Structure formats: structure tokens, C-alpha cells
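S.K.: Sharing a model prediction with you, sequence too.
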Amino acid sequence: MCKFLIAALFFIPIVAYGQPPITFLTADSITYHCYLTDDWDQLIETGNQAIGQHIDYKRLRQRMGYAYFIKTDYYSAQLQYEKALTFDAYDADTRVYLYYCGLNTGNEAFARFHAEKLPKELQLKLSEDVFKPINAIDLEFNYKANDALSRSDPTYIRAGISTQLGYRITLYQSVSNYQQTVDSALTKQPEYYGLLNWSVTSHLSLDVAYHYLNVSVDGYKYPGNMVFAALSTRINRFSLGVNGSILKDGSGNFRQFGLQAGVTLPGKSSIYFKSSISEIMGKGDQRTIFSQIAGVRLSKSIWAEGNVTLGNLKNYNDHNGLYVYNSVDPTTFRTGVSLYWYVGKHMTLFGNYTYDTKQIELTIFNYNQYSFSGGIIWKL
């Protein structure tokens with residue numbers, strides 16, 4: 001037994017030191033050769049080995065970033081290029097690839113943040129202007145069907161426009177209208193919504209919004225005003241944010257505070273999860289709302305997303321205050337699925353189906369509501 005122990009004591013050092021540590025020249029030579037021969041897996045492996053032995057420099061990170069980029073792992077590429085940026089904050093090549101990483105991960109604010117740092121000739125080549133009066137327009141139509149005899153089927157229509165006020169400041173505005181007959185009383189709700197987004201840093205953004213709801217029931221006006229603010233951070237695959245809003249309308253004042261978190265998993269399907277919890281307070285009432293979203297890329301251009309929301313949604317708002325659920329009958333449960341089809345570079349088509357359990361106002365009776373939405377986003 002002792003002989004085996006003695007042999008093991010001699011054998012372990014031989015294994016540990018059998019492979020000499022990688023040097024700077026070796027790491028640089030191998031990764032450069034792999035870059036020239038398109039051997040991306042070996043490049044990444046060698047790069048990680050070098051970094052693990054405290055060999056770290058700009059070109060190494062750039063080569064690893066490019067390898068991940070070619071393999072369409074844009075989150076890992078972004079991480080490597082951000083490391084490269086710490087060695088040289090003025091490197092235009094690094095900024096350009098960070099720009100494309102932002103676009104390929106759906107983070108346009110991140111992309112434009114780095115576009116601002118590029119030379120003028122590169123900004124022109126990327127077609128990224130400082131100011132763009134109409135950056136994108138979107139249209140949405142929604143039809144809801146229900147099985148309540150005293151409620152008509154509601155309709156909702158909305159049009160929006162996005163304006164780039166600067167590389168890091170965007171203004172989004174939309175107008176919409178909601179209409180439904182409840183107990184023979186016609187309810188109309190024209191709305192205006194404006195959202196100002198400021199990218200404080202490449203990973204931190206501030207949103208401030210105003211939402212006006214011009215509610216009328218058989219000609220009687222019950223206008224509502226809502227202000228909303230959110231601070232959010234998005235670091236690579238993870239996001240976290242806090243938000244708050246105040247809604248004042250004919251029925252009272254309502255405050256909402258929320259916390260959101262999300263993650264995108266590694267892999268070509270880019271499966272992601274987003275969770276949010278909100279607290280609504282008003283008129284002596286306090287309610288908790290929980291929402292869960294899960295999404296997946298079905299193909300290169302098609303994404304699917306499912307969602308479920310639990311809690312009484314009376315006067316609840318989501319999507320940065322764009323949608324306010326202030327209908328007469330509160331929703332007590334909601335679930336649905338959405339599809340997004342990216343048709344080329346400039347157009348996105350989307351569709352949605354949602355099921356709601358609705359509660360007739362001031363009663364314990366429920367009914368079902370089925371919602372169908374469709375729309376288009378056109379980026380100019």
C-alpha cells in the first residue's frame with residue numbers, strides 16, 4: 001500500500017508539470033495562426049488557456065471576440081470586445097464589432113452608444129445619424145371577444161413613431177383608441193403616450209414616460225394622467241430594472257412600483273426569461289402582480305414568446321407604461337403567446353393571442369375574454 005502512495009506522490013507532479021505553461025509568444029502565434037486559418041474553436045481554447053495563466057492583451061481579446069462573432073455567439077463576442085476596450089478605449093475596430101453585437105442581440109441602445117464613439121466616416125458607413133426625425137413607425141390592431149352578454153367585444157388600435165434625438169436619446173410617441181359598450185353605455189378611450197429613453201452608459205438606461213387617457217362614458221369625461229420612470233441595466237446576458245408610476249384618474253390615485261429581471265441562455269435558440277413583480281397601491285387597496293415571460297428563437301427570423309400574469313390587474317401598466325389596464329372589469333388572470341417575424345432588415349411582423357379571466361365589476365362573477373392582435377414595425 002505504501003508503495004502505491006509513494007508512486008502516486010511522484011506521479012502527480014509529473015502530470016501537473018508535464019505540459020509547460022503557455023507563453024505570450026506561443027499564445028500570440030497560435031491564436032494568430034488560428035485567425036488566419038479560420039480555426040475558431042482552437043483559437044478560443046488557446047485564448048482561454050492564456051487568460052487562465054494571466055496572459056491578457058487587446059489583440060488576444062479581439063481575436064477571441066471575432067471567433068465568437070463568426071460562430072454567431074454574439075453575447076460571448078461582446079464580452080471579449082468589451083475586455084479589449086479596457087486596453088484601448090479609442091480602438092475603432094473594437095467599437096464597430098460592439099456596435100454589431102448590440103444589433104444582433106436586439107440592444108439598439110447599446111449599438112448606438114458605441115456608434116457615437118466612432119469616427120465620422122465610419123458613422124456614415126454604418127448609416128447611423130445623430131438625429132433622425134422618423135427612425136421607425138409601428139401599427140397595432142387588437143380585437144377582443146368575450147362571452148359576457150352585457151359586454152360588447154372591445155377593439156384597440158394604436159400607431160407609434162420613434163425619433164432619434166441623439167446617439168443616446170430616443171423619443172417614442174404613440175396614439176391609440178380603445179372602445180367597448182358596457183351595459184349599453186359606450187366607452188371610448190383615446191390615448192397619447194410619450195417615452196424618452198436616455199442611455200446613461202452602455203449598460204445603464206433611464207426611461208421617463210407620460211400617458212394621457214381621455215376616457216369618456218356616454219359622453220361623460222373621466223380623463224387620466226400617468227407618469228412613469230424606470231432605471232434598468234443590461235450586462236451581457238442579464239438584465240435588471242426598477243420602475244415606478246403614478247396614475248390619477250376619475251376613480252382615484254394609484255401608485256405602482258416594480259422590479260424586473262431577465263436572462264438569455266447560451267445556445268443558438270437564445271432562450272430567454274423575464275420576470276417582474278409589481279405592487280399597486282390606491283384607494284386603500286394593495287395588490288401584488290407577478291408576470292413571467294419566456295421566449296425562444298424558432299429560426300433565423302422567427303421568434304416565439306409566451307407569458308403569464310397573475311393577480312388583479314385593475315389599473316396595472318406594463319411595457320414601460322405603454323399599456324394601462326383600466327377597463328371597468330379587472331383581469332384576474334392572463335396568459336398568451338406571441339410570434340415575431342423579422343422580414344428583412346427593415347420590417348417586423350408580429351401577432352399575439354391572449355386569454356383573460358375577467359371579473360364583472362363589483363361582483364364575484366367571471367367571464368372569458370380572447371384577444372387577437374397583429375401589427376407591423378417598419379424601421380426606416
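M.R.: Yep, it's here.
S.K.: CA atoms for contacts and neighbours, from now on please.
M.R.: Noted.
S.K.: Now stretch 54-70: average pLDDT?
M.R.: For stretch 54-70, mean pLDDT is 98.
S.K.: what comes up buried for that stretch?
M.R.: By 16 or more other CA atoms under 10 Å, the buried positions in stretch 54-70 come out as 55-58, 60-69.
S.K.: For the helix or strand encompassing residue 230, list every residue counted as buried.
M.R.: Per DSSP states H and E: residue 230 is located in strand 220-235. Residues 223-234 are the ones in strand 220-235 that count as buried (16+ other CA under 10 Å).
S.K.: just stretch 191-201 next, same as before
M.R.: 191-199.
S.K.: could I get these as JSON lines with pLDDT, secondary structure and distance to residue 80?
M.R.: Listed next are these as JSON lines, based on pLDDT from 0 to 100; DSSP: H, G, I helix; E, B strand; the rest coil; distance: CA to CA, whole Å:
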{"residue": "191", "pLDDT": "98", "secondary structure": "strand", "distance to residue 80": "44"}
{"residue": "192", "pLDDT": "98", "secondary structure": "strand", "distance to residue 80": "42"}
{"residue": "193", "pLDDT": "98", "secondary structure": "strand", "distance to residue 80": "38"}
{"residue": "194", "pLDDT": "98", "secondary structure": "strand", "distance to residue 80": "36"}
{"residue": "195", "pLDDT": "98", "secondary structure": "strand", "distance to residue 80": "33"}
{"residue": "196", "pLDDT": "98", "secondary structure": "strand", "distance to residue 80": "31"}
{"residue": "197", "pLDDT": "98", "secondary structure": "strand", "distance to residue 80": "27"}
{"residue": "198", "pLDDT": "98", "secondary structure": "strand", "distance to residue 80": "25"}
{"residue": "199", "pLDDT": "97", "secondary structure": "strand", "distance to residue 80": "21"}
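S.K.: so where do the strands sit in the stretch 151-300 of the chain?
M.R.: Using DSSP state E, counting those that start in this stretch, the strands found in the stretch 151-300 of the chain span residues 155-164, 169-182, 185-199, 204-217, 220-235, 238-249, 252-264, 272-282, 285-297.
S.K.: Rebuild those strands as a markdown table, extending it with distance to residue 21.
M.R.: Output for the strands of the stretch 151-300 of the chain, formatted as a markdown table (distance: least, CA to CA, whole Å):
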| stretch | distance to residue 21 |
| --- | --- |
| strand 155-164 | 51 |
| strand 169-182 | 48 |
| strand 185-199 | 43 |
| strand 204-217 | 39 |
| strand 220-235 | 32 |
| strand 238-249 | 34 |
| strand 252-264 | 35 |
| strand 272-282 | 38 |
| strand 285-297 | 41 |
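S.K.: so which of those comes closest to residue 365?
M.R.: Closest of those to residue 365 is strand 169-182, at 15.1 Å (criterion: CA to CA).
S.K.: Show me what the closest one is packed up against.
M.R.: strand 155-164, strand 185-199 (3 or more CA pairs under 8 Å, 6 or more residues apart in numbering; DSSP states H and E).
S.K.: can you tell which of these is closest to residue 175?
M.R.: With CA to CA, the closest approach to residue 175 among these belongs to strand 185-199: 4.7 Å.
S.K.: From the rest of the structure, what touches that closest one?
M.R.: With contact meaning CA atoms under 8 Å, 6 or more residues apart in numbering, strand 185-199 is reached by 109-110, 113, 168-181, 205-218, 322.
S.K.: Just the buried ones from those, in ChimeraX syntax?
M.R.: Buried residues among the contacts of strand 185-199 (16+ other CA under 10 Å), as a ChimeraX selection:
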select :109,110,113,168,169,170,171,172,173,174,175,176,177,178,179,180,181,205,206,207,208,209,210,211,212,213,214,215,216,217,322
